[in-house]
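[1] 3D model of this:
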Amino acid sequence: MISTSAPFSPLGEMTSPLYQASCGVYRMATKMQLACPRNYEPVCGTDDVTYPNECSLCREIFLKRAIDKKHDGRCVKLDCTGHLKARNGHETPCTLEYLPICGTNGVTYTNRCNFCNAVANGVEVNLRYIGECFEEIDCSEHKGNNLICTAEYDPFCGSDGRTYGNKCQFCNAVSFSRGTLLLKRRGEC
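    The predicted structure is shown next:
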């Protein structure tokens with residue numbers, strides 16, 4: 001998966017559907033000795049801590065077992081203290097400016113005020129990133145770089161504005177981008 005709101009297991013190694021982190025791929029003599037690479041591909045834990053990579057999160061999962069992967073990317077919180085619900089129970093009125101915010105629930109909020117109103121109304125959401133949410137796509141069946149893809153034309157529009165001929169070609173580009181390329185939509189750009 002490119003982004004996460006559903007259970008994530010790109011290598012299919014986890015046996016429990018409760019975990020989003022793919023910890024089964026990390027082998028070690030004892031759980032205290034898990035040596036992780038130094039690559040920086042941040043993931044956010046359910047403890048709202050940003051881990052440098054999934055291996056580092058798995059080390060904590062092995063030690064604590066009370067956390068999991070919330071989503072790919074850094075944990076980011078948006079301060080909504082200025083947008084608390086008014087005493088009369090009404091939402092804070094928002095402007096019509098379009099400064100999109102993508103929530104961890106996959107919803108694009110038109111601006112910070114609308115995002116914070118959702119939080120004030122009890123929606124369980126954090127900031128995923130600034131900008132529109134992109135569609136999720138599972139590239140787990142297309143692992144590695146330089147995949148040999150069919151010529152089938154089933155276009156995918158990437159966040160880079162390019163049209164990719166099919167899912168395999170798109171996933172190949174995602175692999176080269178180290179996960180920074182996202183799916184804007186299915187179809188041509």
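[2] C-alpha only now, for contacts and for neighbours.
    Fine.
[3] show me the helices in this protein, by range?
    Counting by DSSP state H, the segments of the chain that form helices are 54-64, 112-120, 167-176.
[4] what's the mean pLDDT across the first one?
    Mean pLDDT, helix 54-64: 84.
[5] what about that helix, distance to the chain center?
    Mean-position distance between helix 54-64 and its chain equals 18 Å (C-alpha atoms, centre = their mean, to the nearest Å).
[6] same thing with the last one?
    Offset of helix 167-176 from its chain centre (C-alpha atoms, centre = their mean): 17 Å.
[7] now swap in the shortest one and tell me
    In terms of C-alpha atoms, centre = their mean, the centre of helix 112-120 is found 20 Å from the chain centre.
[8] how about stretch 20-29?
    Computed by C-alpha atoms, centre = their mean, the chain-centroid distance of stretch 20-29 equals 19 Å.
[9] where does this protein have low pLDDT?
    Counting by pLDDT under 70, the chain has low-confidence residues at 1-19, 27-33, 83-89, 143-146.
[10] please enumerate the strands of it.
    Along the chain, counting by DSSP state E, strands occupy 43-45, 50-51, 69-72, 101-103, 108-109, 127-130, 156-158, 163-164, 183-186.
[11] closest one to C23 among the helices of the chain?
    When the helices of the chain are compared by C-alpha to C-alpha, helix 54-64 sits nearest C23, at 5.4 Å.
[12] who touches that closest one?
    Residues outside helix 54-64 that contact it (C-alpha atoms under 8 Å, 6 or more residues apart in numbering): 21-23, 26, 31-32, 34, 36-37, 41-43, 45, 51, 67-69.
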